[in-house]
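Trainee: using only what follows, build the 3D model:
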Amino acid sequence: MARAAVTLDVFSAVAEPKRRRMLDVLGDRPMAVNDIVGLLRWPQPQVSKHLGVLREVGLVNVTRRGRQQIYKMSAEQLKPIHDWVKTYERFWTDQLHRIKASAEAKVRHRENPNQRSDHHG
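Mentor: Predicted coordinates:
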């Protein structure tokens with residue numbers, strides 16, 4: 001049975017762990033397909049398939065160098081993901097502030113065990 005068509009965008013492209021790994025590799029430097037195959041130790045058809053998806057959504061660009069195709073990450077295409085995740089940053093910041101306040105209160109209590117705290121919880 002054929003798989004249903006999936007809307008391909010940056011979010012769905014990076015949902016696949018292997019493609020995220022490939023972006024990690026390409027973030028270091030542009031590479032030829034054979035170099036990626038050697039580094040990741042994946043079969044060449046699998047590398048080419050994932051590169052095709054990343055290229056389709058604009059996360060990688062390809063240029064020719066002689067007979068080789070050189071792939072380079074296009075990090076600016078990750079901006080929609082960054083912008084979306086950034087909307088949730090306040091939750092992490094709030095959580096970190098609560099953890100810090102709790103740790104500081106415990107230290108104060110250890111240093112002055114007879115002193116009452118004005119904070120609860």
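
Trainee: remind me, longest helix of the protein?
Mentor: helix 89-111 (DSSP state H).

Trainee: tell me what the least confident helix or strand in the chain by mean pLDDT is packed against?
Mentor: When the helices and strands of the chain are scored by mean pLDDT, DSSP states H and E, helix 89-111 comes last with a mean of 81. Helix 89-111 sits against no helix or strand, with contacts defined as 3 or more Cβ pairs under 8 Å, 6 or more residues apart in numbering; DSSP states H and E. C-betas here are computed from N, CA, C, even on glycine.

Trainee: and that helix, how far from the chain's centre?
Mentor: Remark: helix 89-111 is offset 27 Å from the chain centroid, using Cα atoms, centre = their mean, to the nearest Å.

Trainee: next, name the residue at the spatial heart of this structure.
Mentor: R20 (6.4 Å; Cα atoms, centre = their mean).

Trainee: ok, that one - contacts?
Mentor: Contact partners of R20, counting by Cβ atoms under 8 Å, 6 or more residues apart in numbering, are V14.

Trainee: 10 Å - rerun?
Mentor: By Cβ atoms under 10 Å, 6 or more residues apart in numbering, R20 lies in contact with A13, V14, H50.

Trainee: check N61 too.
Mentor: L26, P30, L54, R55, I70, Y71, K72, M73, S74, Q77.

Trainee: low pLDDT regions in the chain?
Mentor: Counting by pLDDT under 70, the chain has low-confidence residues at 1-7, 115-121.

Trainee: quick one, domains of this protein?
Mentor: Domain segmentation of the chain under automatic domain parsing yields 10-75, 79-111.
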